[in-house]
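Colleague: sequence and predicted model, in that order:
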Amino acid sequence: MATIYSSSDYNDGKISAQGNYEARIENNIFISTVTGPLNTEGIIALGKVRHACLSELNGRDTIAAIVTYRNSMMMSPQALAIYTKSLQQDLTETKADYVIAYVVPDHIEGRAIMLPILEAIFLKANLTWQSFEKIADAETWINAAIKAT
């Protein structure tokens, strides 16, 4: 059974983390769920969870990820800067190519605002990335992307 990493296990700040982030490795795919919104402390915990979980995939040439959002994608500019910095650190350490599928149903708060912002971050980092409204579509795309690498 896969180890489940949770932001509640990494919340060591003086202010409580808002939101939740869980991640696991399943069939060599990084699977995570974000229940937002996340405050700065939540984003810091998210980065720690992502880093710990990614350590299970060290040495791989390609890392595939499916990230599912619940409730909200919103985060402050400060939280977004922390998110971007921690993502860059993980990308530098793993030295892998990434294929990332975001599952963001239409009803998720902040979808129209955050998807273009995240797309710009991912494109700048040279990540293969796509967003979907349904998990089945994301799984189909991620499996095809894995086969193409």
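Modeller: Looks like it arrived, so ask away.

Colleague: drop to CA atoms for contacts and neighbour counts, all remaining ones
Modeller: OK.

Colleague: in contact with Ser7, which residues?
Modeller: By Cα atoms under 8 Å, 6 or more residues apart in numbering, the contact list for Ser7 reads Asn20, Tyr21, Glu22, Gly42, Ala45, Leu46, Lys48, Val49.

Colleague: assign the third one to helix, strand or coil.
Modeller: Using DSSP: H, G, I helix; E, B strand; the rest coil, the structure places Glu22 in strand.

Colleague: which parts of this structure are strands?
Modeller: Along the chain, counting by DSSP state E, strands occupy 5-6, 20-26, 29-35, 62-70, 97-103, 128-132.

Colleague: and those, which one averages the lowest pLDDT?
Modeller: Among these, strand 5-6 has the lowest mean pLDDT, at a mean of 90.

Colleague: for this structure, longest helix please?
Modeller: helix 77-94 (DSSP state H).

Colleague: so what does that one touch, helix or strand wise?
Modeller: Applying 3 or more Cα pairs under 8 Å, 6 or more residues apart in numbering; DSSP states H and E, we find helix 77-94 packed against helix 40-54.

Colleague: for the protein, identify the residue most remote from the centre.
Modeller: Lys14 (24.0 Å; Cα atoms, centre = their mean).

Colleague: on that earlier part again, now do the longest helix of the chain against strand 97-103, angle only.
Modeller: 140 degrees (axes from the mean of the first three to the mean of the last three Cα atoms, to 10 degrees).

Colleague: tell me the angle helix 77-94 makes with helix 40-54.
Modeller: Using the same axes, to 10 degrees, helix 77-94 lies at 10 degrees relative to helix 40-54.
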